[in-house]
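> here is a sequence with its predicted model. Questions after.
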Amino acid sequence: GENVEQHPSTLSVQEGDSAVIKCTYSDSASNYFPWYKQELGKRPQLIIDIRSNVGEKKDQRIAVTLNKTAKHFSLHITETQPEDSAVYFCAASMGTGNQFYFGTGTSLTVIP
Amino acid sequence: NAGVTQTPKFQVLKTGQSMTLQCAQDMNHNSMYWYRQDPGMGLRLIYYSASEGTTDKGEVPNGYNVSRLNKREFSLRLESAAPSQTSVYFCASSEADRSYEQYFGPGTRLTVT
């Protein structure tokens, strides 16, 4: 099956700095790569996703890049704010109706 | 529009007891999923249902059974609970065609003593 590895496990940044979280996957058949944000005690919520026919996607301060050859994708958050503090999970899948494989999470702390 | 709902929110079981976790969605989604979340382990898929009438094992199915009762409801059963099943359980659903986004329920915190 698919194996998703996520780094780092914890990340602290100063407010206003950028944060980058990286994931690798093993199954070249995976074609959908979402990122979820989970605040303490809450449910995971999708913040951005990318499909394998696209190399980069941006939504305001958040961007995701995908390198299919290297089987690697990354989340970039610019101009970080204290409310960005949360646990972030990457995942890989062949899409709805198939299994989703999640990384082990990155705990991001934004220091005011 | 309630989205994905789960009951109960909290549960404490003794080893060997059984229980069923309930999940329902009102978004007319085809696919539904059950995950467990343990510290440092991320979300691990227990079972999923690609569409009404089908169920498949995920990464960690041992000790669990599921039922896709209809398009709205997907239940998870623990027949004989063990301390290793202490976890937070999340149900999720997704639409098959336009978007792959998974919508999660609020979770059930289960403790087995």
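Received, thanks. Numbering: from 1, shown residues only, chains lettered A, B, ... in the order given.

> element containing B:Gly22?
Gly isn't right for residue B:22; it's Gln. Assessed by DSSP states H and E, B:Gln22 sits inside strand B:19-25.

> distance of the closest residue to A:His76 other than its chain neighbours relative to chain B?
Nearest residue to A:His76 in three dimensions, chain neighbours excluded: A:Ala63, at 4.5 Å (Cβ to Cβ, 6 or more residues apart in numbering or on different chains). C-beta here means a position set from N, CA and C on the backbone, and glycine is covered the same way. Separation of A:Ala63 from chain B (Cβ to the nearest Cβ, to the nearest Å) stands at 18 Å.

> elements contacting the strand holding B:Gln22?
The contact analysis (3 or more Cβ pairs under 8 Å, 6 or more residues apart in numbering or on different chains; DSSP states H and E) places strand B:19-25 against strand B:4-7, strand B:10-13, strand B:31-38, strand B:74-78, strand B:87-94, strand B:108-112.

> give me the neighbour count for the closest residue in space to A:Ser28 that isn't next to it in sequence.
Using Cβ to Cβ, 6+ apart and skipping the chain neighbours, the partner closest in space to A:Ser28 is A:Lys71 (6.8 Å). By the criterion of other Cβ atoms under 10 Å in any protein chain shown, A:Lys71 has 16 neighbours.

> buried sites along the strand holding B:Gln22?
Of the residues in strand B:19-25, B:Leu21, B:Gln22, B:Cys23, B:Ala24, B:Gln25 count as buried by neighbour count, 16 or more other Cβ atoms under 10 Å in any protein chain shown.

> residues contacting the closest residue to the first one other than its chain neighbours?
When you say that, I think you mean B:Leu21. Excluding its sequence neighbours, the residue lying closest to B:Leu21 (Cβ to Cβ, 6+ apart) is B:Leu76, at 4.4 Å. B:Leu76 is in contact with B:Thr20, B:Leu21, B:Cys23, B:Trp34, B:Ile46, B:Tyr47, B:Tyr64, B:Asn65, B:Val66, B:Tyr89, B:Cys91, counting by Cβ atoms under 8 Å, 6 or more residues apart in numbering or on different chains.
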